[in-house]
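Asker: Requesting a structural model of the entry that follows:
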Amino acid sequence: MKKLLLVCVVLISTGTFAQSKYQQGMEKAFELWGADKPWEAANLFERIAQAEPENWLPPFYVAQINVFNSFGESDKEKMIAQMNKARDFLNDAKSLTKDNPEILVLEAQLLTAWVVYDGQQYGMKYSPKIAELYQQASVLAPENPRVVLGKAQWDIGTARFFGQPTDKYCADIEKAIALFESEVPAGEFHPRGGGEYAAQVLQENCGN
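Answerer: Numbering: from 1, shown residues only. All right, here's what the predicted structure looks like:
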């Protein structure tokens with residue numbers, strides 16, 4: 001009986017220690033990211049992903065950092081390297097979670113980064129898929145603020161490209177802002193926030 005109790009205590013203590021290391025690592029990675037050190041954060045997320053092979057969040061953030069930092073990238077070699085890494089880690093995250101709207105949004109953003117990089121080459125190629133991803137995410141999580149905002153931004157960009165009015169999408173951006181204010185994250189370290197960016201998008205596109 002004593003041996004059994006000792007084993008249980010050791011297992012619990014080991015699990016608590018591992019969880020503590022995970023929490024510390026994730027907190028440090030977000031701290032680096034917030035301090036404008038995205039690549040240091042990405043490297044740490046990558047190490048956490050190796051230590052937590054069943055957790056979709058660390059590879060998701062590696063992919064997200066590479067995607068976000070590819071918008072506006074003009075160096076072709078850097079763009080290809082970052083996008084390839086983003087795709088690899090996004091696929092890793094996707095394999096660990098099912099019907100996840102955050103994954104769908106990030107995949108849409110990855111393809112959008114290619115469109116921004118070279119619209120002539122990638123616009124027609126990826127636009128239908130991007131619209132499809134946002135539609136799928138909207139069905140899964142219509143009240144997710146990142147889904148609502150991402151889809152609204154894509155719809156505005158598409159409408160602008162075809163010379164169509166964009167003001168009808170302002171209500172969607174306003175809805176996203178309200179959803180950001182009331183959002184309760186799905187869990188610790190799950191995607192959250194974006195209200196300030198949504199307000200900036202509203203100002204830039206709707207003049208409010």
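Asker: Could you verify my assumption that L140 touches L104?
Answerer: Yes. Using Cβ atoms under 8 Å, L140 is in contact with L104, at 7.3 Å. All C-beta atoms are positioned from the backbone trio N, CA, C, and that covers glycine.
Asker: Pull up the overlap in contacts between the two.
Answerer: Residues touching both L140 and L104 (Cβ atoms under 8 Å, 6 or more residues apart in numbering) are V147.
Asker: Neighbour count for the two, which is higher?
Answerer: L104 (24 against 14; other Cβ atoms under 10 Å).
Asker: For stretch 91-101, what does the pLDDT average out to?
Answerer: The pLDDT scores in stretch 91-101 average 97.
Asker: From the opening residue of it to its closing one, how far?
Answerer: One end of stretch 91-101 to the other measures 14 Å (Cα to Cα, to the nearest Å).
Asker: in it, what's buried?
Answerer: Across stretch 91-101, burial judged by 16 or more other Cβ atoms under 10 Å covers 92-94, 96, 100-101.
Asker: now do stretch 121-128
Answerer: Across stretch 121-128, burial judged by 16+ other Cβ under 10 Å covers 122, 126-127.
Asker: same thing with stretch 125-139?
Answerer: Quick answer for stretch 125-139 (16+ other Cβ under 10 Å): 126-127, 130, 133-134, 136-138.
Asker: May I see those arranged in CSV, with secondary structure and pLDDT as well?
Answerer: Shown next, in CSV, are the buried residues of stretch 125-139 (DSSP: H, G, I helix; E, B strand; the rest coil; pLDDT from 0 to 100):
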residue, secondary structure, pLDDT
Y126, helix, 97
S127, helix, 96
I130, helix, 98
L133, helix, 98
Y134, helix, 98
Q136, helix, 98
A137, helix, 98
S138, helix, 98
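Asker: just the residues you listed now: which is nearest E188?
Answerer: A137 (22.1 Å; Cβ to Cβ).
Asker: Looks like that closest one contacts N144 (just checking).
Answerer: Yes. Applying Cβ under 8 Å, one finds A137 in contact with N144, separated by 7.2 Å.
Asker: joint contacts of these two?
Answerer: Common neighbours of A137 and N144 (criterion: Cβ under 8 Å, 6+ apart): P101.
Asker: Next, E27: secondary structure please.
Answerer: helix (DSSP: H, G, I helix; E, B strand; the rest coil).
Asker: Look at it and report its pLDDT.
Answerer: pLDDT recorded at E27 is 96.
Asker: next one: E188
Answerer: At E188, pLDDT is 89.
Asker: Kindly report the same for P185.
Answerer: With respect to pLDDT, P185 scores 87.
Asker: which residue packs closest to it, ignoring adjacent ones?
Answerer: R192 (4.3 Å; Cβ to Cβ, 6 or more residues apart in numbering).
Asker: any idea which element the one you found lies in?
Answerer: Following DSSP states H and E, one finds R192 outside all helices and strands.
Asker: Helix, strand, or coil at Y61?
Answerer: Quick answer, by three-state DSSP: Y61 is helix.
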